[in-house]
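Colleague: Following is a predicted model, sequence given first.
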Amino acid sequence: MKVEPPEQRIRWISFRGAEILQVDCSHCTAEQVQKIAQDVADYVTVRPRDSVLVITDFTGASFNKDALRTMKETAVFDKPFVKKSAFVGTQTFPRQFYEDLKTFSRRVLPMFESREEALEWLVAP
């Protein structure tokens, strides 16, 4: 299975008139997840503070300690720029890491059953 390079897995989409950063980690190896997490900052940190809406899809993704560490670092680094962030496809996401990520980054990172639910939550006032 061919997996797109990280720069093709991070893109701006429009939903109900809002611009949302879509981060697609679906079916990625742990190494690809790590690279995508590193690249997210290039999209987020050029935007005004507290303005970015992010949806991240982890469907079928794999994780290792390096990927998880990079995700924690990115979540902290990007925090000033992110208004809201939502996760989908978290069935393979290690539960303890999710708790550590929220605590470490001091961010609200809700998980949703579907992409549509996550997008609706992101654009809600």
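Modeller: Cool, the structure landed.
Colleague: At the geometric centre of the protein, which residue sits there?
Modeller: In the chain, the C-alpha nearest the mean C-alpha coordinate belongs to residue 56, at 3.5 Å (C-alpha atoms, centre = their mean).
Colleague: mind listing the strands for the chain?
Modeller: Counting by DSSP state E, one finds strands in the chain at the ranges 10-15, 18-24, 52-57, 82-88, 111-112.
Colleague: and these, which is most packed in?
Modeller: With neighbours taken as mean count of other C-beta atoms under 10 Å, the strands of the chain reach their highest mean count in strand 52-57, at a mean of 23. To be clear about C-beta, it is placed using only N, CA and C from the backbone, and glycine gets the same treatment.
Colleague: That strand pairs with which strands, parallel or anti?
Modeller: strand 18-24 (parallel), strand 82-88 (parallel) (DSSP bridges).
Colleague: okay, the angle between that strand and strand 10-15?
Modeller: Counting by axes from the mean of the first three to the mean of the last three C-alpha atoms, to 10 degrees, strand 52-57 points 110 degrees away from the direction of strand 10-15.
Colleague: Restricting to C-alpha, output strand 52-57 in PDB.
Modeller: What follows is strand 52-57, C-alpha atoms only, in PDB (Å, rounded to 0.1, in the frame of the first residue of the first chain):
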ATOM      1  CA  VAL A  52      -6.400  27.300  14.000                       C
ATOM      2  CA  LEU A  53      -9.000  24.500  14.000                       C
ATOM      3  CA  VAL A  54      -7.400  21.000  13.600                       C
ATOM      4  CA  ILE A  55      -8.900  17.600  12.900                       C
ATOM      5  CA  THR A  56      -6.500  14.600  13.100                       C
ATOM      6  CA  ASP A  57      -7.400  11.100  11.800                       C
END
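Colleague: Centre of the chain to stretch 30-49, how far?
Modeller: Relative to its chain's centre, stretch 30-49 lies at 8 Å (C-alpha atoms, centre = their mean, to the nearest Å).
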